[in-house]
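> Got a sequence here, can you build the structure:
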Amino acid sequence: MRRDQIRTTRFEEQIALYRERLDAFPRVDLAHLPTPLDACANLTVSLGGPRIWIKRDDCTGLAMGGNKVRQHEFVLGAALAEGADCFVQGAASQSNHSRQLAAAGARLGIETHLLPKLDRMSSPIRGNYLLDHLLGAMITPIDPSASTIEAKAKLVEELRAQGKHPYITGMGADDSLVLAAVAYVETVFEIVEALSYDDLPDWIYTASQGSTQAGLLVGCEILGLTTRVLGVCPMDNTHEAYLTTHQILELAHGAARQLGYESALALDDILTTEEFVGGGYGLPTDAAIEAIRTVASTEGTLLDPVYTGKAFSALLAHVRSGRITQGENVIFIHTGGLPALFAYGDLLITGEANDTSP
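Numbers count the residues shown, from 1 in each chain. The predicted model follows:
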């Protein structure tokens, strides 16, 4: 048996073993899986080197898709197994997480409470915030300066006083963040199954607030891949939802334990960059707008201005600087967020974010 056949067989055995463990989790059926893995031939040529693929987790279905649909299969499976009869989430008005949770609640027939901030993107009602309303979520806006974590905790107390059994997702809910990481292990399996042995990724790039990157790292560890996973932060440490590299490592270790093994991942394995945040969370950068236009005009694929646009701007910068070299294989995880395009149209048309881009 050739070496590549031995390696392929080992991958198949590990994938089968860990899929069996994933199947043991309480889970709800929400996502269209596996998502496509698109080879970006035009972009590869235009950049003069590294082979680039986009893992299309914007195609998970359910209210315009996104990475949270994949994660909610596990998170909400656990919630329902615990007897939850309502979901609680809070974030920015254009939150992708909130929109996907509202859609999941509608699909499952579960009351969903959202606490959006009355930030600068909340009026007029458009983009993700419009979809929250259409999806039937119970919406209680909060002040932009308020703590989302505290507001969610207060709402949970009120709901419990009414005899309800709420389940919190997102920031401030450690258990749900670990399960969200568990969900992203499967993504690595899908990537490996879609590629030949010679095309295994040298890099995976993703917009990262924590769980997605942690799950990708665990998936790579399970298969023994040497792939470097880079999380491009959409926010800096002044934001309430920001996770440190230590916290991302804890999520990875927690996900591994959920899957029945002790991870050997160390702090040095958690690669993140805040260089592409720009003026702050939800504020597009000139580099992100360029990335959105570049990918749209070369591949016909759309990115969003808050997460994937900034993450892809990092990939472009690293190709141009030589950090990613000719002949390397790069997978970009498209985490969705496309409804936000229609909220940021003025900036995208002018092409000027008026920020300090890297």
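
> got a list of what the nearest residue to Glu328 once chain neighbours are set aside touches?
Leaving aside its chain neighbours, Glu328 sits nearest to Asp202 (4.2 Å; criterion: CB to CB, 6 or more residues apart in numbering). Where C-beta positions appear, they are placed from N, C-alpha and C, glycine not excepted. Applying CB atoms under 8 Å, 6 or more residues apart in numbering to Asp202 gives the contacts Thr226, Thr227, Arg228, Ile324, Glu328, Asn329, Val330.

> same check, this time on Leu130
Contact analysis of Leu130 by CB under 8 Å, 6+ apart lists Pro339.

> Surely it is in a strand?
No. Per DSSP: H, G, I helix; E, B strand; the rest coil, Leu130 lies outside any strand segment and is helix.

> how about low-confidence regions in the chain?
Applying pLDDT under 70 to the chain flags the ranges 1-8, 351-358.

> where exactly do the strands run in the stretch 201-350 of the chain?
203-207, 228-232, 271-273, 329-334 (DSSP state E, counting those that start in this stretch).

> How far off centre is the shortest one?
Centroid separation between strand 271-273 and its chain, computed with CA atoms, centre = their mean, to the nearest Å, is 15 Å.

> Repeat that for the second one.
The gap between where strand 228-232 is centred and where its chain is centred comes out at 12 Å by CA atoms, centre = their mean.

> From here on, call the first residue 595.
OK, 595 is where the count begins now, so the last one is strand 822-826.

> Which secondary structure elements does it sit against?
Identification of packing neighbours for strand 822-826 by 3 or more CB pairs under 8 Å, 6 or more residues apart in numbering; DSSP states H and E yields strand 797-801, helix 805-817, strand 865-867, helix 902-915.

> What of the longest one?
Using 3+ CB pairs under 8 Å, 6+ apart as the contact definition, the elements that strand 923-928 packs against are strand 645-650, strand 797-801, helix 902-915.

> Show me what the helix or strand that the first one is followed by packs onto, helices and strands only.
The reference is to strand 645-650. Going down the chain from strand 645-650, the next helix or strand is helix 661-675, by DSSP states H and E. Packed against helix 661-675 by the contact rule (3+ CB pairs under 8 Å, 6+ apart) you find helix 690-702, helix 768-777, helix 805-817.

> Give me the contacts around the second one.
Going back to what we said before, that points to helix 768-777. With contact meaning CB under 8 Å, 6+ apart, helix 768-777 is reached by 616, 619, 662, 664-665, 667-669, 672-673, 761-764, 804-806, 808-809, 812, 845-846, 848-849, 852-853.

> My read is that Gly825 contacts Glu868, right?
No. Judged on CB atoms under 8 Å, Gly825 makes no contact with Glu868 at a distance of 9.9 Å.

> Give me the more crowded residue out of the two.
Gly825 (28 against 13; other CB atoms under 10 Å).

> so who does that one touch?
Thr800, Ala801, Ser802, Gly804, Thr806, Gln807, Ile842, Ile864, Leu865, Thr866, Thr867.

> Compare the helices and strands packed on helix 661-675 and give me the one nearest Ala740.
helix 690-702 (15.3 Å; CB to CB).

> Name the residues that touch that closest one?
622, 624, 656-660, 662-663, 666, 670, 674, 681, 683-685, 704-706, 708, 710, 722, 725-726, 729-731, 763-764, 898, 900-901, 929-931, 933-934.

> that older thread, now a ChimeraX select for only the buried ones of the contacts of Asp796.
Buried subset of the contacts of Asp796, written as a ChimeraX selection, criterion 16 or more other CB atoms under 10 Å:
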select :821,822,918,922,923,924
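
> Just send the contacts of Asp796 back as CSV, with distance to Glu834 too.
Formatted as CSV, the contacts of Asp796 follow (distance: CB to CB, whole Å):
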residue, distance to Glu834
Thr820, 34
Thr821, 30
Arg822, 28
Ile918, 32
Glu922, 36
Asn923, 36
Val924, 31
